[in-house]
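1. Here is my input; please provide its structure:
(2 chains)
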Amino acid sequence: DAKTTQPPSMDCAEGRAANLPCNHSTISGNEYVYWYRQIHSQGPQYIIHGLKNNETNEMASLIITEDRKSSTLILPHATLRDTAVYYCIAIIQGAQKLVFGQGTRLTINP
Amino acid sequence: DGGITQSPKYLFRKEGQNVTLSCEQNLNHDAMYWYRQDPGQGLRLIYYSQIVNDFQKGDIAEGYSVSREKKESFPLTVTSAQKNPTAFYLCASRSSGSHHNEQFFGPGTRLTVL
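-> Predicted coordinates:
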């Protein structure tokens, strides 16, 4: 699995868009970018994933650069409940295990 | 409601005692996983099972044991051989029929060994 690099922490004002970057410069052609988040003392929750096209669902949008070396998770209107640690993972489909790094601790401020 | 349950949420044990953490799922998933999380760290894989009666070691299996006698259940035993057992333990499952890497996680058990 390709190594991913994320900033350790970020802050965002409530109601604004939260943009979380992830660097995966060694990603291979068959590796997808997955995002999970973990609210304090809970299990991680899947958010979104993509290969090369931008993706959007009810939770977030995922923007992947054309060279696929980096991506950005966008929470369009952040709320206090979005405060969590966000993990970016590069992995092939069907892999047996997920490798979680330290992620980005996102704090949404009122 | 479909999901994964782990019990109890908090568990205290004396040093030297074995303890078994429960994980049950009613999602009809074939694959189940156990992870350990230490404060401020990511998750590390302990054991995983792709089908009933089969399981594989993850990255930090030493001092742990598992069984998979039923599809719905994947209990984890923390043995006295585990040197630093105090941690947050998370169980997850995934439909192995899907290539999608979405794992569903339980609420976790926080184990404290005194």
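2. Tell me the secondary structure of the spatially most central residue of chain B, please.
-> Geometric centre of chain B, nearest residue: B:Trp34, 2.9 Å, by C-alpha atoms, centre = their mean. With DSSP: H, G, I helix; E, B strand; the rest coil as the basis, B:Trp34 sits in strand.
3. So what's the gap between stretch A:49-67 and the chain middle?
-> Using C-alpha atoms, centre = their mean, to the nearest Å, the mean C-alpha position of stretch A:49-67 is found 10 Å from that of the whole chain.
4. Any idea how far apart the tips of it sit?
-> Length of stretch A:49-67, first residue to last, C-alpha to C-alpha, to the nearest Å: 17 Å.
5. interface residues of chain A facing chain B?
-> Contacts of chain A with chain B, taken as C-beta under 8 Å from any C-beta of the partner chain, map to A:32, A:34, A:41-46, A:49, A:87, A:89, A:91, A:93-103. (Each C-beta comes from the backbone N, C-alpha and C, glycine too.)
6. how about 10 Å then?
-> Neighbours of chain B within chain A, by C-beta under 10 Å from any C-beta of the partner chain: A:8, A:32, A:34, A:36, A:38, A:41-49, A:85, A:87, A:89, A:91-103, A:105.
7. among those residues, which ones are buried?
-> Among the residues of chain A next to chain B, the ones that count as buried by 16 or more other C-beta atoms under 10 Å in any protein chain shown are A:32, A:34, A:36, A:38, A:43-49, A:85, A:87, A:89, A:91, A:97-101, A:103, A:105.
8. Flag the shaky bits of chain B, pLDDT-wise.
-> B:1-2, B:97-99 (pLDDT under 70).
9. And whichever residue of chain B sits closest to chain A, how close does it get to A:Ser70?
-> Nearest residue of chain B to chain A: B:Phe105, at 2.8 Å (C-beta to the nearest C-beta). Taking C-beta to C-beta, to the nearest Å as the measure, B:Phe105 falls 26 Å from A:Ser70.
10. Not counting sequence-adjacent ones, nearest residue to the closest residue to chain B within chain A?
-> Among the residues of chain A, A:Gly43 lies closest to chain B, at 2.8 Å counting by C-beta to the nearest C-beta. Distance criterion C-beta to C-beta, 6 or more residues apart in numbering or on different chains; nearest residue to A:Gly43, sequence neighbours excluded, is B:Phe105 at 2.8 Å.
11. Ok, B:His29 next?
-> Counting by C-beta to C-beta, 6+ apart, the nearest residue to B:His29 once its immediate chain neighbours are dropped is B:Ser93, at 3.9 Å.
12. That neighbour sits in which helix or strand?
-> strand B:87-94 (DSSP states H and E).
13. in chain A, which segments are predicted with low confidence?
-> Using pLDDT under 70, chain A drops low at A:1.
14. quick one, helices of it?
-> For chain A, applying DSSP state H gives no helices.
15. For it, just list every one of the strands.
-> Taking DSSP state E as the test, the strands found in chain A are A:9-13, A:18-23, A:31-38, A:45-50, A:55-56, A:61-64, A:70-75, A:84-92, A:104-109.
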